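# Sequence and predicted structure are below.
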Amino acid sequence: MKKIILFAMMLSLSVACSGDDDDNNDVICTEEARAGLNVTVKDAETAQVLGEGVTVVATDGAYTETLQYLDAPAQFVGAWERAGTYTLTVTAEGYETFTSQPIAVGEDECHVISEIITVQLQPAD
């Protein structure tokens with residue numbers, strides 16, 4: 001009799017643990033934040049990567065963010081975990097201002113899907 005009761009308890013526990021849970025979709029997300037925009041800025045004539053003195057501004061409707069420059073790798077990053085459609089404005093002394101076409105940053109169930117962009121700045125005349 002004890003074996004039947006033990007079997008019934010194990011069976012009910014097994015069923016309770018294997019039930020369908022709508023909140024559990026078996027996707028394991030990481031904890032780090034991801035930049036939606038990763039922008040490398042280069043001199044269009046020399047292909048030299050530019051960093052110091054360059055400003056990259058991302059705009060999505062009323063939202064505006066000046067992207068942060070990271071030395072390694074030499075990139076401007078921003079739109080942290082923020083999906084949207086961005087226009088980039090890149091300025092630097094001695095170069096023509098660059099304005100991008102709209103750039104769509106998507107997202108999945110865990111993070112934004114990073115867009116990797118290279119901007120070629122034209123030296124000013």
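Noted; the coordinates are in hand.

# Helix or strand with the lowest mean pLDDT in this structure?
helix 2-17 (a mean of 42; mean pLDDT, DSSP states H and E).

# for the helix or strand following that one, packing partners?
Reading on from helix 2-17 to the C-terminus, the next helix or strand found by DSSP states H and E is strand 35-43. Based on contacts counted as 3 or more C-beta pairs under 8 Å, 6 or more residues apart in numbering; DSSP states H and E, the elements that strand 35-43 packs against are strand 49-50, strand 54-60, strand 75-80, strand 84-92, strand 103-107, strand 112-113, strand 115-121. For the C-beta atoms, the positions are set from N, CA and C on the backbone; glycine is no exception.

# Can you list the strands that strand 35-43 pairs with?
Sheet partners assigned to strand 35-43 using DSSP bridges are listed as strand 49-50 (antiparallel), strand 75-80 (antiparallel), strand 115-121 (parallel).

# Looking at the ones you listed, which is nearest to residue 29?
Of all those, the one in closest proximity to residue 29, counting by C-beta to C-beta, is strand 75-80 (15.0 Å).

# chain center to the closest one: distance?
Here strand 75-80 shows a centroid-to-chain-centroid distance of 8 Å under the convention C-alpha atoms, centre = their mean, to the nearest Å.

# next one: stretch 86-105
Relative to the centre of its chain, stretch 86-105 is centred 18 Å away, using C-alpha atoms, centre = their mean.

# Quick check, pLDDT for the residue nearest to residue 107 when sequence neighbours are not counted.
Using C-beta to C-beta, 6 or more residues apart in numbering and skipping the chain neighbours, the partner closest in space to residue 107 is residue 83 (4.2 Å). Note on residue 83: pLDDT of 97.
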